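Engineer: how would this look folded up:
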Amino acid sequence: MKQIIRHAVRLLIALGAALLALGLVPKAWAALAAAGLHLPRISPILGLLGALAARAWLGWLTLLGIPLLVLAFFKGRFFCWHVCPMGFLSETAGRLNPWGKKLIRHVPQINKALALVIAVTAACGYPLLIWLDPLCIFNGFFAVWREPFTWAAATTGIGFVTVLALSLVAPNIWCHRICPLGGLQESVMLLARRLRRPKDAAPTPRRVGDAAPYHVATTRRTLLAAIPAAAASLVVKHTLGPNGHNAIRPPSADPARINALCARCGNCMRACPEKLIHPDLGASGIDGLFTPALILRSHDAKQESYCFQDCVACTQVCPTGALRPLTVEEKHARPIGLAVIDFKKCLAWAKDEYCAVCDEYCPYQAIKLQERNGVNCPTVDAAKCRGCGACESACAADPIAIVVRPI
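Structural biologist: Residues are numbered from 1 along each chain as shown. The predicted structure follows:
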C-alpha cells in the first residue's frame, strides 16, 4: 500500500510540473511563473552554480536551490526517490523492460563526477554540461509545446526522449549512474555522514596492501577530475565560446558565454509573447546547439513581428543567468543586433521609389533619411539601432532590403 501511495503522489507531482511547464495553470500560478518561479529554479545546479558562473546576483529566486541541498544533507536523495518528475518518468520507463535490469551493472557510476565537472567549470566562469540537469530536461520537453508549434522548437525535447530511451533499455541507468543532480545530492549526503561520524571513533587499522581510506581516495579522485575539468572549461571558453556571436540573441544575453550558461530549459521560448525565440540549430557551433536565438522575418517569411521595446519577459525566467533580468530602461540601452540595408534591394536606393516604411516603424528612431535624386533614402544610425527587427518585419521590398545582423 505504501508503494502505491508513493507512486500516486509522484504521478501527481509529475503531472503538476508538466502543467506548470505547459502554462496550463491558474492565473495566479501563471503570474508566478512569468516572474521566474518555475521548476528549474529549485535545482542548485541551475540556480546556485548558474549564478556562480554568471558572476552575478540573479535575484532571490536563485536561493530556491538551497533547500534541496539542505534536504540532501539530512535525507540523502529523498528528492530523487520521492519528488523528481524526471526520475519518476525514467523509473516508469524502466519498469517496461524488466529484462534489462542487469545491463546497469556494466555501466560505471559517473553522476558525482558530472556534478563535480559542472561545479568546477562554473567556478571557472564557463560551466560545461549544465544542461544535463534533470529538472531542465523535464521542463525543456514540455515548454516547447506552444502555438504555433515548430519542429525546430521541439528539438529542446531531445534530452527528455534520450533519458527515457536509455531508461527503457537499461532501467535505473539515469537515476543511479548519470544524473548530475543525483550525484550532487549523493556528495552532500556523504559529506553529512562524515561530519556526523563521532570524532573519537577509532580508525580501522590498515594492513599492508589495503586500499586507502574512502575519504582519502575520494579526495584524490576529486583532484584528478577537477584539474582536467577546469582546463577543459578554459579551452572551450576561448575556442568555441566566441561562436556565440554568430546568432541574434535575446536581450541581456552575453554572446561570449551563452552557449555554456544556457541550460536549454525552454523557459525563454515559452515566455516570448511574439514567439521569436527558437533553438539555434548550428549557427553558433556545436556547443551552441539548442541555445536561444531570435528568428526574424529574413529567416522566417511568416514572421511579421519583432522584439518589442517594452518587453523583457524572456529575461525574467532564465534560471542560470544566460539571460540576466533586465528592466525596460536597461533594454532600451542594450543592442541585440544591428540593422543593415542592402542598397541594391532597397526600393528607395535602387529604384528611386519613395519608401520610408522602416523609418516609420523603427521604435528607436535609428533610421535616418538622406535625399538622393529627389528621394529620401534610409540609412541606419548604428548608435541608436537596437536590432529589434521592426524595420525588417515591415520592409516593403521583395526580397527584404533591411536585415538585422548579430553583433
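Engineer: give the contact list for residue 388.
Structural biologist: 306, 307, 308, 309, 336, 337, 363, 364, 404 (Cβ atoms under 8 Å, 6 or more residues apart in numbering). (Each C-beta comes from the backbone N, C-alpha and C, glycine too.)
Engineer: any idea which of these has the most stuff around it?
Structural biologist: Going through these with other Cβ atoms under 10 Å as the criterion, the one with the most neighbours is residue 404, at 28 neighbours.
Engineer: partner residues bridging that one?
Structural biologist: For residue 404, the beta-bridge partners under DSSP bridges are residue 339.
Engineer: how about stretch 378-387: buried residues?
Structural biologist: Of the residues in stretch 378-387, those buried by neighbour count under the rule 16 or more other Cβ atoms under 10 Å are 378, 380, 385, 386, 387.
Engineer: residue 15 in helix, strand or coil?
Structural biologist: Under the three-state scheme (DSSP: H, G, I helix; E, B strand; the rest coil), the conformation of residue 15 reads as helix.
Engineer: what about it, how many residues nearby?
Structural biologist: A count of neighbours around residue 15, defined by other Cβ under 10 Å, yields 11.
Engineer: cool, and the one 4 residues further on?
Structural biologist: Other residues within reach of residue 19, judged by other Cβ under 10 Å, total 14.
Engineer: OK, contacts around it?
Structural biologist: Shown here is residue 19, whose contacts under the criterion Cβ under 8 Å, 6+ apart are residue 25.
Engineer: check what pLDDT it gets.
Structural biologist: Each residue has a pLDDT score; the one for residue 19 is 89.
Engineer: same question, residue 2
Structural biologist: pLDDT, the model's per-residue confidence, is 82 for residue 2.
Engineer: quick one: contacts for it?
Structural biologist: For residue 2, no residue meets the contact criterion (Cβ under 8 Å, 6+ apart).
Engineer: residue 315 too?
Structural biologist: Taking Cβ under 8 Å, 6+ apart as the contact definition, residue 315 lies against 250, 251, 252, 268, 323, 324, 325, 326, 331.
Engineer: could you redo the last one with a cut-off of 10 Å?
Structural biologist: The neighbourhood of residue 315, defined by Cβ atoms under 10 Å, 6 or more residues apart in numbering, consists of 36, 250-253, 268, 271, 322-327, 330-331.
Engineer: residue 166: which of these is nearest?
Structural biologist: Within the contacts of residue 315, distances to residue 166 taken as Cβ to Cβ reach their minimum at residue 322, with 26.0 Å.
Engineer: helix or strand right after the helix or strand bottoming out on mean pLDDT in the chain?
Structural biologist: For the chain, the helix or strand with the lowest mean confidence is helix 214-239, at a mean of 73 (criterion: mean pLDDT, DSSP states H and E). Under the assignment DSSP states H and E, the closest C-terminal helix or strand after helix 214-239 is helix 258-261.
Engineer: show the subsequent helix or strand relative to that following helix.
Structural biologist: Next in line after helix 258-261, if elements are assigned by DSSP H and E, sits helix 267-271.
Engineer: report how many residues lie close to the closest residue to residue 37 other than its chain neighbours.
Structural biologist: If the residues on either side of it in the chain are set aside, residue 37 comes closest to residue 61, at 6.3 Å by Cβ to Cβ, 6 or more residues apart in numbering. Summarising burial for residue 61: neighbours were counted as other Cβ under 10 Å, giving 18.
Engineer: so that it lines up with my notes, have the first residue be 4 from now on.
Structural biologist: With 4 as the first residue, the last one maps to residue 64.
Engineer: helix/strand/coil for residue 64?
Structural biologist: The three-state label for residue 64, taken from three-state DSSP, comes out as helix.
Engineer: residues in contact with residue 56?
Structural biologist: Residues in contact with residue 56 (Cβ under 10 Å, 6+ apart) are 121-122, 124-131, 133, 236, 260, 263-264, 323-325.
Engineer: any chance of CSV for the buried residues of stretch 381-390, columns secondary structure, pLDDT and distance to residue 280?
Structural biologist: Compiled in CSV, the buried residues of stretch 381-390 are given as follows (DSSP: H, G, I helix; E, B strand; the rest coil; pLDDT from 0 to 100; distance: Cβ to Cβ, whole Å):
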residue, secondary structure, pLDDT, distance to residue 280
381, strand, 96, 27
383, strand, 97, 24
388, coil, 98, 20
389, coil, 97, 16
390, coil, 97, 14
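Engineer: noted, bye for now.
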